[in-house]
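Asker: Let me see the structure of the following:
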Amino acid sequence: MRIIELERWERSKNDPRKLEYIGQPTAEEVFHELKHRLESTGCLPDEYFLMDSQWENGREISKDADIFCTTDYGGSEGVYLDVYLKWYDNEQKGSITQSFITGKTLGENGNDLDRMFLISSAITKAFHGYNEHRTRLEAALFFICLWQNNRPSSMLSWNSANIRESPWPRPSKSSAA
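Answerer: Predicted coordinates for the structure are as follows:
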């Protein structure tokens with residue numbers, strides 16, 4: 001699956017071997033693409049998943065921005081997942097970090113925290129990719145996230161019985177060199 005880009009590039013008309021920067025996507029475009037991906041894999045937090053209002057009305061993602069997530073228990077109830085954008089601002093001569101998205105689940109047990117960390121992982125991978133191959137653990141975590149909506153949370157456990165052989169081909173020894 002292709003990654004969600006925080007910058008727009010296209011092939012150069014003068015030299016098709018090169019890419020040319022053509023601008024930034026809007027925050028709303030990025031948010032809706034991410035929300036669609038999470039929804040289609042059953043990884044959307046069950047209470048809410050909302051974009052911060054400062055990014056509405058066509059605001060573009062800042063140039064050279066990167067994305068990261070934090071996950072923790074909330075002050076009142078539930079588990080929160082916060083998605084941030086961070087970039088360097090030349091005028092202020094420093095980095096800027098701004099809240100981008102907040103997600104919440106009402107559950108408060110360890111399984112709920114684990115699920116929100118899985119969603120955080122899915123978000124990170126949507127923007128940074130999977131590297132060259134997927135491990136058995138990544139495959140198990142992906143399927144646990146998919147099955148979460150159809151299984152009681154008490155059935156989620158982190159033991160080796162949940163980790164089966166990966167459905168993705170493993171790299172051969174000759175290609176691993």
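
Asker: Give me the most central residue, the protein.
Answerer: residue 123 (0.6 Å; C-alpha atoms, centre = their mean).

Asker: Helix, strand or coil: sort out the residue lying closest to it once chain neighbours are set aside for me.
Answerer: The shortest distance from residue 123 to any non-neighbouring residue, by C-beta to C-beta, 6 or more residues apart in numbering, is to residue 69 (5.5 Å). Quick note: C-beta positions are derived from backbone N, CA and C, even for glycine. Under DSSP: H, G, I helix; E, B strand; the rest coil, residue 69 falls in the strand class.

Asker: just to revisit the earlier point, which helices and strands does the helix or strand where the residue nearest to the centre of the chain lies pack with?
Answerer: Assigned by DSSP states H and E, residue 123 belongs to helix 110-128. For helix 110-128, the packing partners by 3 or more C-beta pairs under 8 Å, 6 or more residues apart in numbering; DSSP states H and E come out as helix 27-40, strand 66-73, strand 79-89, strand 94-105, helix 136-147.

Asker: Adding mean neighbour count as columns, could you present these in TSV?
Answerer: Below are the helices and strands packed on helix 110-128 laid out as TSV (neighbours: other C-beta atoms under 10 Å):
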stretch	mean neighbour count
helix 27-40	16
strand 66-73	16
strand 79-89	18
strand 94-105	16
helix 136-147	16
